[in-house]
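> sequence and predicted structure, then a few things I'm wondering about:
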Amino acid sequence: MENVMILDHEIYIVEIQDGEISEVINPGNSSEDFDVNAVASEIISKEAHDRICAENLYFSSYSYKYNMNESIVIINNKEIKQKLWTLLAESLLLTVLAEILIVFISRMITKWITKPAEEAFERQKEFVADASHELKTPLAVIMASADELQNSAGDPKYVENIRYESDRMNKLITGLLNLSRLESEEDIVAFKEEDLSRIIEKTCMAYEAVAYESGVSVYTDIEEGLLCRCNKEEIEQMTATILDNAVRHSYKDTTVKVLAASGKGKAFIDIQVINTGDPIPKEEEERIYERFYRGDRARSREENRYGLGLAIARRIARNHNGDIKAYSGNGETVFRITLRK
C-alpha cells in the first residue's frame, strides 16, 4: 500500500508486443470521448524511435512518452486544455473590465481636477460677454456726443481723438462679442446647405479693389458646386479675414492665390489662400490664432487691429468641423482651411 498513488489525471499505460497493443492500463480517471486505442495506434505508426511529446497544452489534446516496442504512457490533455482556455478567457475579460474601470476612474478624476479651471474659463467668457454688452451703451453715447461736438464750435483735435478711440473700442467690443457668440456654438443648429464656391468667389471679388490699392492682385481657382452645411455669413467672414490678412502681408506687385476644391474622397473641402510676403516664423504658426496676439504691435495699432481676426476665423472653421493651419516655405505663406461636408 505504501507504493499506491491516487492519480487525479487521465493517464493510460499501453503495453506493446510485436508492434501491436497488448494491454491498456488506466490507473487514473477516464472519459468516454477519448479513444486511447486509436491514439496509441497513431503514435505507433508515426514514431520510429523513443520519444517524449508534450506539445502546447492550448492546442494539443494529449501528451505521451513512447518506449520503442515496449509501452506508451498517454495523458489526456482535454480537461487541462479546456481549463486553460477558460482561464485565458476569464483573464482577458477581467483585463478588459479593469481597463474600462481604470479609464472611467481616470476620466472622473480628470474631470474633478479640471472642473475649477473649466468653471474659471466659463466665468471668464461670461465676463467678457457681459462686459462687452455693458460697454456698448456708454460707447454709443460717447460716439453720438462726439458727432454733436464735431458739428459745434470747439477744438476739433479733441473731438477727433474721442472719435478715434471710440471707433477702436467699438471694434474691440464687436470682436469680443462675436468671438464669445462663436465659442458658445449657439448658431450651429441653424446651418444649412450652401454653395461654398459662390460664397468664396463673391468674397474674393469684393476684395479685389482693396488688393489693388495695396498693389496686389487676386487670382482664384475655385471648383464649381462645392456644397457644404454651414452658416453663410460666418464663412464669408472667415474667408474675408484670411484674404485680408494675406493681402496686408503681401509684397507689392505680387498675387494672392485662392484655391478651393474637394479633398481626397470628397469628404471635405480644401481651401488655400497663398501669398508672397514675409514668412510666419515656425514658433508663431499656432500663436497667431491666440486672442490679442499681434506680430507687429505698432502697425496693428495704427490699423486699429486687436489680433482677434484669426482667432475668430479659426473658431468659425472649428464650428464647421474643420480647422485652419498656416505655414511658410519657398517664399510663400499658405493658410489652409479644411471644412467637413
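Right, received. Where do you want to start?
> work out for me the element the closest residue to Ser145 other than its chain neighbours sits within.
Once flanking residues are discounted, Ser145 sits nearest to Ile162: 7.8 Å by C-beta to C-beta, 6 or more residues apart in numbering. From N, CA and C alone the C-beta is placed, and that goes for glycine too. Here Ile162, judged by DSSP states H and E, is contained in helix 156-184.
> packing partners of that helix?
Contacts defined by 3 or more C-beta pairs under 8 Å, 6 or more residues apart in numbering; DSSP states H and E place helix 156-184 against helix 78-151, helix 309-319.
> pick the most buried one from these.
Highest mean neighbour count among the helices and strands packed on helix 156-184 (mean count of other C-beta atoms under 10 Å): helix 309-319, with a mean of 21.
> domain parsing of the chain, as residue ranges.
Using automatic domain parsing, the domains assigned to the chain come out as 11-76, 101-184, 191-340.
> out of the ones you listed, which one sits most buried?
domain 191-340 (a mean of 17).
> same list (the helices and strands packed on helix 156-184) but as CSV, adding distance to Ile16.
Listed next are these as CSV, based on distance: least, C-beta to C-beta, whole Å:
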stretch, distance to Ile16
helix 78-151, 24
helix 309-319, 79
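> what's the closest of the ones you listed to Glu285?
helix 309-319 (11.3 Å; C-beta to C-beta).
> can I get the next helix-or-strand element following that closest one in CSV? Just the C-alpha atoms.
Counting by DSSP H and E, the next helix or strand C-terminal to helix 309-319 is strand 322-329. Taking Å, rounded to 0.1, in the frame of the first residue of the first chain, the C-alpha atoms of strand 322-329 are listed here in CSV:
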residue,chain,number,x,y,z
GLY,A,322,-12.8,71.9,-39.8
ASP,A,323,-9.6,73.8,-38.9
ILE,A,324,-7.1,76.3,-40.2
LYS,A,325,-3.4,75.7,-40.5
ALA,A,326,-0.7,78.2,-41.6
TYR,A,327,2.8,77.6,-42.7
SER,A,328,5.5,79.3,-44.8
GLY,A,329,8.0,77.8,-47.3
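> what does strand 322-329 contact?
With contact meaning C-beta atoms under 8 Å, 6 or more residues apart in numbering, strand 322-329 is reached by 242, 268, 279-280, 285, 288-289, 310, 313-314, 317, 333-340.
> can you do 10 Å?
Under the contact criterion C-beta atoms under 10 Å, 6 or more residues apart in numbering, strand 322-329 has outside partners 228, 230, 238, 241-242, 245, 268-271, 273, 275, 277-282, 284-286, 288-289, 310, 313-318, 333-341.
> in strands, which of those residues appear?
228, 230, 268-271, 273, 275, 333-340 (DSSP state E).
> hmm, Ile43 and Met68 touching each other?
No. In this structure, Met68 is not within contact of Ile43 by C-beta atoms under 10 Å, at 11.2 Å.
> which residues are common contacts for those two?
Residues within reach of Met68 and of Ile43 at once, by C-beta under 10 Å, 6+ apart, are Ile16, Arg51.
> flag the shaky bits of the stretch 201-341 of the chain, pLDDT-wise.
292-307 (pLDDT under 70).
> hang on, the earlier thing: distance of the residue nearest to Ser145 from Val96?
To Val96, Ile162 is 68 Å away according to C-beta to C-beta, to the nearest Å.
> try Ile316
Applying C-beta to C-beta, the value for Ile316 to Val96 is 41 Å.
> next, give phi and psi for Tyr219.
phi -120, psi 130 (degrees, to the nearest 10).
> surely it is in contact with Val256?
Yes. If you go by C-beta under 10 Å, Tyr219 and Val256 touch, sitting 7.2 Å apart.
> send me stretch 13-24 as CSV with only the CA atoms.
In CSV, the C-alpha atoms belonging to stretch 13-24 read as follows (Å, rounded to 0.1, in the frame of the first residue of the first chain):
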residue,chain,number,x,y,z
ILE,A,13,-0.3,2.9,-20.0
VAL,A,14,-0.4,1.0,-23.2
GLU,A,15,1.8,-2.2,-23.4
ILE,A,16,3.1,-3.2,-26.8
GLN,A,17,4.2,-6.6,-28.1
ASP,A,18,5.5,-7.1,-31.7
GLY,A,19,4.2,-3.6,-32.7
GLU,A,20,0.7,-4.3,-31.5
ILE,A,21,-1.3,-3.1,-28.5
SER,A,22,-1.4,-6.0,-26.0
GLU,A,23,-3.0,-4.3,-22.9
VAL,A,24,-4.2,-0.9,-21.8
